[in-house]
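1. need a structure here:
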Amino acid sequence: MQQISLRQSGRIAGLDGLRAIAIVVIVLYHMFPSTVRGGYLGVTLFFVLSGYLLSVMAMRAEEAGGFRFGRFYLRRIRRIFPALLLTVGGTLLAMHIWFPDMLQGLQQEVLSVLLGYQNWRQITVNASYFTRISSASPFTHLWSLAVEMQYYLVWPALYLIYFA
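-> This is a model prediction of the structure:
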């Protein structure tokens with residue numbers, strides 16, 4: 001098996017280029033939805049990269065003495081929640097200052113974002129991601145983070161099944 005090329009930081013060379021492509025495709029899709037139809041590919045690419053990177057990280061941990069669930073979840077929490085709390089808090093503060101009326105009824109949505117079920121909440125309230133232009137919530141796009149957070153719950157079990 002070919003060794004994975006790593007930079008000093010431990011990042012895998014080449015994946016930053018794939019991330020950049022995914023970001024460009026997603027941004028272009030949101031700017032020109034009727035012209036650029038490949039936004040879904042960017043999101044899919046992010047999910048695939050996440051799964052791959054989790055696998056590489058787990059294999060490194062296994063080689064260094066063993067994969068530990070507690071360490072896995074602590075690393076995910078440390079990686080996600082500081083930025084998520086800053087984003088949600090900053091957004092709520094900006095809404096409080098400039099659009100206080102929009103804060104009405106956001107409690108459940110904010111809770112779904114912080115607990116990682118925003119995608120399921122949008123489904124249950126029948127919120128269309130593609131038609132909500134004028135009344136879109138500032139948290140609409142966090143559905144993808146919810147999917148990733150749910151994957152983090154399932155992934156260690158998949159890892160154990162695969163390596164058992």
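2. for the residue lying closest to H30 once chain neighbours are set aside, give its distance to R60.
-> Nearest residue to H30 in three dimensions, chain neighbours excluded: G39, at 6.7 Å (Cβ to Cβ, 6 or more residues apart in numbering). To be clear about C-beta, it is placed using only N, CA and C from the backbone, and glycine gets the same treatment. Relative to R60, G39 is positioned 32 Å away (criterion: Cβ to Cβ, to the nearest Å).
3. also R76?
-> For R76 relative to R60 (Cβ to Cβ), the value is 15 Å.
4. do G116 as well
-> Counting by Cβ to Cβ - G116 and R60 are separated by 25 Å.
5. sketch out the low-pLDDT regions of this structure for me.
-> Across the chain, the ranges flagged by pLDDT under 70 are 1-10, 128-135.
6. could you list every helix and strand that the longest helix anywhere in it packs against?
-> Assignment by DSSP state H gives helix 69-98 as the longest helix of the chain. In this structure, helix 69-98 packs against helix 39-63, helix 107-115, helix 143-163, with contacts taken as 3 or more Cβ pairs under 8 Å, 6 or more residues apart in numbering; DSSP states H and E.
7. quick revisit: who's more crowded, R76 and R60?
-> For R76 and R60, the more surrounded residue by other Cβ atoms under 10 Å is R76, and the numbers stand at 16 against 13.
8. residue contacts, the more buried one?
-> Residues in contact with R76 (Cβ atoms under 8 Å, 6 or more residues apart in numbering) are 149, 152.
9. and if we set it to 7 Å?
-> By Cβ atoms under 7 Å, 6 or more residues apart in numbering, the contact list for R76 reads Y152.
10. neighbours around Q104, how many?
-> 7.
11. apart from its neighbours in sequence, what residue is nearest F46?
-> Using Cβ to Cβ, 6+ apart, the closest residue to F46 is A22 (5.4 Å).
12. test my guess that the one you found contacts G42.
-> Yes. Judged on Cβ atoms under 7 Å, A22 makes contact with G42 at a distance of 3.9 Å.
13. center of this protein, which residue is that?
-> The chain has L145 as the residue nearest its centroid, 2.9 Å off, counting by Cα atoms, centre = their mean.
14. all good on my end, thank you.
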